[in-house]
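Peer 1: Curious how this folds, go ahead:
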Amino acid sequence: MHRRTVLALALGAALLASGCTGTGGSAKGARADAPTDPAAVSGTIKVLTQRTDLVQDGTMKKYAAAFNRTYPKVEVEFEALTDYEAEVKIRMNTENYGDVLLIPAVIKKNDYPKFFASLGTTTERARTHRFTGFTDVGGKVYGQSPIGVTPGFVYNKKVWRRAGVTRWPTTPAEFLADLKAIKAKTDAVPYYTNFAAQWPLTSWTYVDGSVGCDTGATTKLATGDPWASGADLRVGDTLLYDIVHQGLAEKDPTTTNWEASKPRLAKGEIATQWLGTWAVIQFQEAARQAGTDPADIGFMPFPAQVDGKFCAVVGPDYNQAVNVHSPHKAAARAWLDWFTDRSGYAADNLAVSPLKDAPLPTVLKPYEDQGVTFIELDDAEGAAVKEIDDQSEIGIYKPDYRQDLVDLARGARKGDLDGFLGGLGERWADARRTVESR
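Peer 2: Numbering: from 1, shown residues only. Purely as a prediction, here's the structure:
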């Protein structure tokens, strides 16, 4: 299972108070400057990763071998962690948490300088790289994602065509009508929630920004009600509710299976899932293994338009950082820069490159053809959103409240949609007032 992108998209926004105390105060403000002479860089570095699959199949070793052609005196060791967040959180109470690591969601943004070495000024790095604002603290960058991701619906194009749908729906009502056609004309499950896996439900938060095509969507979360009438999260949550309430999802969400859903969608047993660009390559591989055509795997934006155009948010995956305590900061920085800029990792994963001048991946070619507008959210209020979410105990980047929403929609929980979303809004407002009064 690869949760990287859902967590990833959450990166700019997972909202847990930091339980890490660390010992980084004395190293605060440390820099990891980009090496100018590869031949002079040496040392053994440990790289922590959540990509257990790529370590096990030898892919990461191949990247390291390519890296050594430029940096022959640096030895790269990988440690893949199955429960990355939980394990790294514990390690960060010490100084021993790898030389290069993915920034855990539990670390508060303002605490980044305690744990990670600066990669330079935001102004300078933003000239060439995307997503710098997500790790900016005081005008300096403390992390860089090697790939960008875009949320959207992974779907089986053959099933949708069989139902008579050949154009992307432009409104939630059209989307529901299309799912009804799939239910009536095919044997496929129109939409699959992946309720039991839990984490896929968090991806619904990333409709935020796409619905209103608003780069200031994160700021609106910090200053307003995410579930007000017409607000992006209300639109997304209402669509999820309607899908389930109208019988357009699997019969029993508690029996869903993430790994099994990939070959099932590839074979046309499932029509649609809301995930992200990161998932496409996995579903295509599932199609190959199932003996079906990988070209049947499609990707479409959220059904909403502004001025006649779809919008899609491009956000960072996990951000890599250099441990502020690393004795080999130059080697660690060399790996981070090479892996981000030169490894081909983004292209290998059909992901958006963090380099601003790089072309979009082939998976987004249909988006380009149809004039989809790509936007990046301003994360200046990202830390405030995290505080509000933590105080409210809603968890917009956790699965719990959307599991409650699905249960409400299928009749396993009492109440109505307006009351449910209104209650969330009240809790959010109370939390915002508390945070603002501190």
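
Peer 1: which residues of the stretch 151-300 of the chain fall in helices?
Peer 2: Listed in chain order, the helices of the stretch 151-300 of the chain (DSSP state H, counting those that start in this stretch) span 157-162, 172-185, 199-202, 217-223, 232-245, 258-266, 277-290.

Peer 1: Can you give me the buried ones in the fifth one?
Peer 2: This means helix 232-245. Under the neighbour-count criterion of 16 or more other C-beta atoms under 10 Å, helix 232-245 has 232-245 buried. Placement of C-beta: from N, CA and C, glycine included.

Peer 1: Same question for stretch 341-352.
Peer 2: 341, 343, 345, 346, 349, 350, 351, 352.

Peer 1: okay, the last one: pLDDT?
Peer 2: According to the predicted model, the pLDDT of residue 352 comes to 93.

Peer 1: residues in contact with it?
Peer 2: Each residue near residue 352 by C-beta atoms under 8 Å, 6 or more residues apart in numbering is listed here: 130, 147, 148, 149, 150, 277, 314, 346, 360, 361, 364.

Peer 1: Tell me which of those fall in helices.
Peer 2: If you go by DSSP state H, those have 277, 346 in helices.

Peer 1: Out of the contacts of residue 352, the closest to residue 337 would be?
Peer 2: Closest approach between the contacts of residue 352 and residue 337, by C-beta to C-beta: residue 346, at 13.8 Å.

Peer 1: wait, which of the helices of the stretch 151-300 of the chain is closest to residue 66?
Peer 2: Among those, the nearest to residue 66 by C-beta to C-beta is helix 277-290 (19.8 Å).

Peer 1: Now tell me what touches that closest one from outside.
Peer 2: With contact meaning C-beta under 8 Å, 6+ apart, helix 277-290 is reached by 2, 4-5, 8, 147, 149-150, 152, 154, 262-263, 265-267, 273, 293-294, 296-297, 299, 317, 349-352, 361, 363-364.

Peer 1: before we move on, the earlier item: nearest to residue 422, out of the helices of the stretch 151-300 of the chain?
Peer 2: When the helices of the stretch 151-300 of the chain are ranked by distance to residue 422, counting by C-beta to C-beta, first place goes to helix 232-245 at 9.9 Å.

Peer 1: SS state for residue 311?
Peer 2: Following DSSP: H, G, I helix; E, B strand; the rest coil, we place residue 311 in the strand state.

Peer 1: Thought residue 376 was touching it, still the case?
Peer 2: No - proximity of residue 311 to residue 376 does not meet the contact threshold set by C-beta atoms under 8 Å, at 11.2 Å.

Peer 1: more neighbours, these two?
Peer 2: residue 311 (21 against 17; other C-beta atoms under 10 Å).

Peer 1: returning to that earlier point: will you turn the buried residues of stretch 341-352 into TSV that also has distance to residue 198?
Peer 2: Converted to TSV, the buried residues of stretch 341-352 look like this (distance: C-beta to C-beta, whole Å):
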residue	distance to residue 198
341	34
343	31
345	27
346	27
349	23
350	25
351	23
352	26
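
Peer 1: Tell me the one of those nearest residue 36?
Peer 2: The shortest approach to residue 36 among the buried residues of stretch 341-352 belongs to residue 341, at 15.0 Å (C-beta to C-beta).

Peer 1: How about the closest one, nearest residue that isn't a chain neighbour?
Peer 2: Taking C-beta to C-beta, 6 or more residues apart in numbering as the measure, residue 341 lies nearest to residue 355, with 6.3 Å between them; neighbours along the chain are not counted.

Peer 1: Which residues are in contact with the one you found?
Peer 2: Residues in contact with residue 355, defined by C-beta under 8 Å, 6+ apart, are 128, 129, 130, 340, 341.

Peer 1: change it to 7 Å
Peer 2: The neighbours of residue 355, taking C-beta atoms under 7 Å, 6 or more residues apart in numbering as the test, are 128, 129, 341.

Peer 1: ok, and the closest non-adjacent residue to the first one?
Peer 2: Once flanking residues are discounted, residue 128 sits nearest to residue 356: 6.1 Å by C-beta to C-beta, 6+ apart.

Peer 1: pLDDT score assigned to the one you found?
Peer 2: Residue 356 is assigned a pLDDT of 95 by the prediction.

Peer 1: Look at it and say how many residues are nearby.
Peer 2: Other residues lying near residue 356 total 10 when counted by other C-beta under 10 Å.

Peer 1: now it: how far from residue 99?
Peer 2: Using C-beta to C-beta, to the nearest Å, one obtains 27 Å as the distance from residue 356 to residue 99.

Peer 1: again with residue 345
Peer 2: Taken as C-beta to C-beta, the spacing of residue 345 relative to residue 99 amounts to 18 Å.

Peer 1: now swap in residue 92 and tell me
Peer 2: Using C-beta to C-beta, we find residue 92 at a distance of 14 Å from residue 99.

Peer 1: now do residue 52
Peer 2: The value you get for residue 52 to residue 99, if C-beta to C-beta is used, is 19 Å.

Peer 1: what distance separates stretch 315-328 from the middle of the whole chain?
Peer 2: When distances are taken as C-alpha atoms, centre = their mean, to the nearest Å, stretch 315-328 is centred 17 Å away from the chain's centroid.

Peer 1: pLDDT on it, on average?
Peer 2: Rounded to a whole number, the mean pLDDT of stretch 315-328 is 96.

Peer 1: Buried residues in it, which are they?
Peer 2: Taking 16+ other C-beta under 10 Å as the neighbour-count basis, stretch 315-328 is seen to contain the buried residues 315-326, 328.

Peer 1: Could you single out the nearest of these to residue 210?
Peer 2: residue 315 (10.6 Å).
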